[in-house]
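> sequence and predicted structure, then a few things I'm wondering about:
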Amino acid sequence: MDDFIRWAKERLTDERLTHTRGVVALARSLSLAHGVDEIECNLAAWLHDALKAQDGSELLLRARDMGLPEDLTAPPFVLHATVMGRISMDRFGASEAVGEAISYHPMGRPNLGPVGKVTYLADKLEEGRRYPGVEVLREVARRDLDRGFHLTLEANVRFLVGEGRTPHPLSIRTLEAYRRRSTVD
């Protein structure tokens, strides 16, 4: 286990390392609260941003060499995640659940598994995050993993739109799936 932590630390800036430590701490707490595999959540948390500082054009070349689908390589802000998701499985022997968690942590996806939801939430809600409503989202996530994921995704999309940025299409599809599901329930 120390191998992947050391590998990640070698690639993280000081600021990103502080963030990652916060993600690791919250992922542990959420995994214990919801009965999700703690070891898998720990691995995903440590590796989720390990390639964030890498050059985007280099990541795009790696993504193409890996045969990653175009919807997982555009926009560029998801490249670090999708490439790292594949590397986590190829280099560290991580499970598909861990690869999925890392690959989709920036944007979520419909039917994301529990390790993915924990990783998404830990990334968006770690203690270093400061924005209106984050405390409420943390509390909801501690009580209900699925509802916490839905509300945090919704808040993230609302934030991006408010900033004039375009949310990833998977984020929008995931929100639509949650809205359809909530009208059925």
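It's in.
> toward the C-terminus from the longest helix anywhere in the chain, list the very next helix or strand.
The residue-count maximum for a helix in the chain (DSSP state H) belongs to helix 14-34. Sequence-wise, the next helix or strand downstream of helix 14-34 (DSSP states H and E) is helix 38-47.
> which strands or helices does the helix or strand just after that next one pack on?
Using DSSP H and E, the helix or strand that follows helix 38-47 in sequence is helix 56-66. Applying 3 or more Cβ pairs under 8 Å, 6 or more residues apart in numbering; DSSP states H and E, one finds that helix 56-66 makes contact with helix 79-92. Where you see a C-beta, it was placed from the backbone N, CA and C, and this is true even at glycine.
> what's the helix it packs on packed up against?
So helix 79-92, by 3+ Cβ pairs under 8 Å, 6+ apart, packs with helix 2-11, helix 38-47, helix 56-66, helix 96-103.
> closest to residue 145 out of those helices?
Smallest distance to residue 145 across the helices and strands packed on helix 79-92 (Cβ to Cβ): 11.3 Å, for helix 38-47.
> name the surrounding residues that touch that closest one.
Here helix 38-47 makes contact (Cβ atoms under 8 Å, 6 or more residues apart in numbering) with 1, 4-5, 8, 20, 23-24, 27-28, 30-32, 84, 87-88, 92, 94-95, 97-98, 101-102, 105, 115-116, 118-119, 122.
> before we move on, back to that, let me have the helices and strands packed on helix 79-92 in JSON lines, extended by distance to residue 126, mean pLDDT and mean neighbour count.
Formatted as JSON lines, these follow (distance: least, Cβ to Cβ, whole Å; pLDDT from 0 to 100; neighbours: other Cβ atoms under 10 Å):
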{"stretch": "helix 2-11", "distance to residue 126": "15", "mean pLDDT": "90", "mean neighbour count": "14"}
{"stretch": "helix 38-47", "distance to residue 126": "9", "mean pLDDT": "97", "mean neighbour count": "25"}
{"stretch": "helix 56-66", "distance to residue 126": "23", "mean pLDDT": "88", "mean neighbour count": "14"}
{"stretch": "helix 96-103", "distance to residue 126": "15", "mean pLDDT": "97", "mean neighbour count": "25"}
